[in-house]
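predicted coordinates and the sequence they were generated for:
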Protein chains: 2
Amino acid sequence: MTFERVRGFRDHYPEDMMPRKKIFKVAEESAESLGFKKVDFPSLEYLDLYRLKSGEELVGQTFSFVDKGGREVTMIPEATPSVVRMITARKDLIKPIRWYSLPKIFRYEEPQAGRYREHYQFNADIFGADSPEADAEIIGLAGMILDGLGLQSRYEIRISSRPLLESILNSVGCRNVPAAFGVIDRFRKIDRDEFFSEISATGIDGEHTDLLYSMISRTVEPGKIHDVTGGFANPSVEAEISRLQYISDLVARMILSPVKVDLSIVRGLAYYTGVVFEAYDVMGKHRAILGGGRYDGLAALMSDQDIPAVGFGMGDAVIELLMKEEGKWFYSNEKPLFYVCCTRQESKSYAFSVSREVRDGGGATIDDLSNRGLSAQLRNAAGERCDYAVIVGEREERSRTATFRNLVSGEQREIEYGKIGQHVLTLKGVSVKKA
Amino acid sequence: MTFERVRGFRDHYPEDMMPRKKIFKVAEESAESLGFKKVDFPSLEYLDLYRLKSGEELVGQTFSFVDKGGREVTMIPEATPSVVRMITARKDLIKPIRWYSLPKIFRYEEPQAGRYREHYQFNADIFGADSPEADAEIIGLAGMILDGLGLQSRYEIRISSRPLLESILNSVGCRNVPAAFGVIDRFRKIDRDEFFSEISATGIDGEHTDLLYSMISRTVEPGKIHDVTGGFANPSVEAEISRLQYISDLVARMILSPVKVDLSIVRGLAYYTGVVFEAYDVMGKHRAILGGGRYDGLAALMSDQDIPAVGFGMGDAVIELLMKEEGKWFYSNEKPLFYVCCTRQESKSYAFSVSREVRDGGGATIDDLSNRGLSAQLRNAAGERCDYAVIVGEREERSRTATFRNLVSGEQREIEYGKIGQHVLTLKGVSVKKA
């Protein structure tokens, strides 16, 4: 008999969970270094919460069911609706509000590389600020996390602007901006002919369709944005370009990697109203690492309050692929690790006291549970990649000492009980530990 | 229009989530200091996983449904079956294995104080070691976490032993040990007469029923266990008492609070086979803070492998009540917090660079997004309980400096750009921050 896990879901063994924990730690510390605070919300929400914002397509991809009270509930397919529900439920909160969260979210989609039916998603949002500085702070936080993971040579941030695109589309006779966004969103998935025929159907003439095509085909430095928007100059376009350039300049002051303008980014058909952005692997191998943007209309859609908002979400799956490719999918113990060997049963109690002193001195301990001979215990110590062995036997117990052995150099020293914590404080981790 | 959350589920605003995060951090660091590694598993499992071990009572309390593939699945009602599934799925793992996890678990029960339909549960287990030292390590870890939270004067660990109780019950003619365990488990919920009539029904005579009643009514020091077991002396009882006393001695070497023997603890009708334990508020106000024990039979029940195991689980709800009563439900920023004021729009870019230098020096920054006057910005800084304000305006930008103001002492200093990180390194948090 074997029990299997549900398809598309993952077990996280330590060799994967410990590096994943490191990602979360970097993300949380980066957010807190910008004054963000953590929130959390139920893993189960009423399905209605998603109907307004996300439409029936998303609803069809949920793990939803009718609860024992007869109402339609769902395992949460995204974080934002819950966070906005929390924000609008408390009118006493002083804005701007900087919140982050790290829920698991659930989608009933076909599993594939970098996509699971359950994944962790780090989210950060600023509510109650509509300034470009708030936009920059969110985009900058996204970059700071990737920098903090040592990926600065591996990613770039690509930003775009829905109002800029909208101004451009309006200026060339587009009669259906949402439809045009939909076509642009599928730009990299359809061929040139399809693009031309679909975008023309929104009312844009042939000449401007060409200009539009070449504009969204290129990724440019923010300072060179006119190279691609030149065909569409008008005052409202210029105002949006200035905002985008200003945001880019601010972001560049926060992070190590380049910020590029990529006007093909519209972030689906969802609820964005301002800047939109994604982070990409510069090797172009994966789907977006993360993405987000400004969504000023959502709170008003869900409540009687009008609250500007900007935020992003980052799943744990694509970043894992990237970290693995970069050889960064490992972890190090935060504390030096001591294997406490005990060479006779009667000294076990004393060994427990020695262990405690090691921990009091800031070490981590693994107490031998094998009760085998010393050489077997030392092999276990090596297998656990310990930095030191602490040996306790009859002699040590009698003399109230413990023998410390550096497992890399072999150097050995006897330390008096009562001075062990002090001794441990002087030691550092000596071996490299990887998973 | 308002969206509500599902009944029995919680929103965690920062004032609750940040202290909760502190609990998790202490728990995880305590576990890692004993060589435990983190694992995780799906929030959704096939319902069959729980049928064997937990029976239909638990299954009736699950959030379960039929998935789109037609199989019965459930939001996980506990952690152990998933962990055992993971352990038995990988025969290459070197034992003993020390794992911890921190999932959300889900029960469709009536919500009440300290009990929700969704809660976090910290779990730690050792697999592949059947020694009393492994028992002690698990119980000691539970105590170390409570010590680490500053609750050492507030809790006690109460331990018991199923084989000890079983030896006693067998020695007095009990014909149905599981039924007797069930009666003992309900000991504090039923009155004396009910207890006597129910326990007699398992075959125990009147005299021994009296002895049993007085034995499980008292909590004693491990050294005085014979005060309560004296009426049942026999060799197998003595062997189990010795093991329990030895475990207690080892645990006492790991933690700050007392270990007591409480033979009324049997931990429900579940799968425990050895030591069982719970931690209680010494004021007697709450349900158990945490609980666990040895469960050597579960792996064999779920697979073809026989793997001894001992572990415990701790929910986040009772510990929250306790921390609140103790005035410990707050959090402090880990880094000194700087509010970066900017007195004119044109200097915002420079202010972003100043902020970054503050963060590079180890500070956390909150950039002003209000664009109001300096005094309003300083009020925001106080509202965010910042330690320092950093003021940037025309003068500072021209002279490439920033003005640092200690928000407690009012002391002010101008620091050159390029030396800000260095300056921040010399500063500590100065204000006390509580939620």
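Noted; the coordinates are in hand.

residue ranges with poor pLDDT in chain A?
A:1, A:54-55, A:269, A:429-435 (pLDDT under 70).

got the domain boundaries for it?
A:14-325, A:333-432 (automatic domain parsing).

the strand of greatest length in chain A pairs with which strands, and in what direction?
In chain A, assigned by DSSP state E, the strand with the most residues is strand A:118-127. Each strand paired with strand A:118-127, and its direction, by DSSP bridges: strand A:97-101 (antiparallel), strand A:104-106 (antiparallel), strand A:309-315 (antiparallel).

I'd like the ones you listed as CSV, with distance to A:C341 and mean neighbour count appended.
Every C-beta, even on glycine, is put in place using the N, C-alpha and C of the backbone. Below are these laid out as CSV (distance: least, CB to CB, whole Å; neighbours: other CB atoms under 10 Å in any protein chain shown):
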stretch, distance to A:C341, mean neighbour count
strand A:97-101, 43, 24
strand A:104-106, 40, 22
strand A:309-315, 43, 24
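
figure out which of those is closest to B:R98.
strand A:104-106 (24.0 Å; CB to CB).

what's that closest one in contact with?
A:43, A:62-63, A:74-79, A:117-121, B:43-44, B:104 (CB atoms under 8 Å, 6 or more residues apart in numbering or on different chains).

again, only using 6 Å
A:63, A:75-78, A:118, A:120-121, B:43 (CB atoms under 6 Å, 6 or more residues apart in numbering or on different chains).

looking at strand pairing, list the partners for the residue minimising distance to the centre of chain A.
Closest to where the C-alpha atoms of chain A average out (CA atoms, centre = their mean) is A:M314, at 3.9 Å. Beta-bridge partners recorded for A:M314 (DSSP bridges): A:F122.

surely it touches A:L290?
Yes: the criterion here is CB atoms under 6 Å, and A:M314 meets it with A:L290 at 3.6 Å.

how distant is stretch A:404-424 from the center of its chain?
40 Å (CA atoms, centre = their mean, to the nearest Å).

ok, and what's touching that stretch?
A:357-358, A:360-361, A:363, A:386, A:388-390, A:400-403, A:430-431.

if we go to 7 Å?
A:354, A:357-358, A:360-363, A:381-382, A:386-391, A:400-403, A:430-431 (CB atoms under 7 Å, 6 or more residues apart in numbering or on different chains).

out of these, list just those in strands.
A:388-391, A:401-403.

ok, so of these, who is nearest A:S257?
Once CB to CB is applied, the member of the ones in strands among the contacts of stretch A:404-424 that ends up nearest A:S257 is A:Y388, at 39.2 Å.

which of the three states applies to A:I255?
coil (DSSP: H, G, I helix; E, B strand; the rest coil).

what's the neighbour count on it?
21 (other CB atoms under 10 Å in any protein chain shown).

which stretch of helix or strand covers the closest residue to it other than its chain neighbours?
Leaving aside its sequence neighbours, A:I255 sits nearest to A:G143 (CB to CB, 6 or more residues apart in numbering or on different chains; 3.2 Å). Assessed by DSSP states H and E, A:G143 sits inside helix A:132-148.

angle of that helix against strand A:118-127?
Orientation check (axes from the mean of the first three to the mean of the last three CA atoms, to 10 degrees): helix A:132-148 against strand A:118-127 gives 150 degrees.

what packs against helix A:132-148?
helix A:14-32, strand A:118-127, strand A:155-161, helix A:235-252, strand A:275-281, strand A:290-294, strand A:309-315 (3 or more CB pairs under 7 Å, 6 or more residues apart in numbering or on different chains; DSSP states H and E).

recalculate using a threshold of 6 Å.
helix A:14-32, helix A:235-252, strand A:275-281, strand A:309-315 (3 or more CB pairs under 6 Å, 6 or more residues apart in numbering or on different chains; DSSP states H and E).

which parts of the second one are buried?
What it means is helix A:235-252. A:237, A:240-241, A:243-252 (16 or more other CB atoms under 10 Å in any protein chain shown).

near chain B, which of those residues show up?
A:249-250 (CB under 6 Å from any CB of the partner chain).

for the stretch 301-435 of chain A, which residues are neighbours of chain B?
So the stretch 301-435 of chain A meets chain B at A:349, A:352-353, A:356, A:359, A:364, A:366, A:369 (CB under 6 Å from any CB).

swap in 8 Å and give it another go.
Counting by CB under 8 Å from any CB of the partner chain, the positions of the stretch 301-435 of chain A adjacent to chain B are A:302-304, A:333-335, A:337, A:348-349, A:352-353, A:355-356, A:359, A:363-367, A:369-371, A:383-384.

A:C386 and B:R107, how far apart?
Counting by CB to CB, to the nearest Å, the gap from A:C386 to B:R107 is 39 Å.

ok, those two, which is more surrounded?
More crowded of A:C386 and B:R107, by other CB under 10 Å: A:C386, with 28 against 20.

and what about the residue of chain A most remote from its centre, helix, strand or coil?
Centroid-distance maximum for chain A: A:R398 at 53.1 Å, with CA atoms, centre = their mean. Classification of A:R398 using three-state DSSP returns helix.

taking the stretch 51-200 of chain A, what residue is nearest to chain B?
A:F65 (3.5 Å; CB to the nearest CB).

which helix or strand contains A:V183?
Assigned by DSSP H and E, A:V183 falls in helix A:177-185.

run a quick neighbour tally on A:G373.
11.

measure it to A:Q245 for me?
70 Å.

got it, and A:G362?
49 Å.
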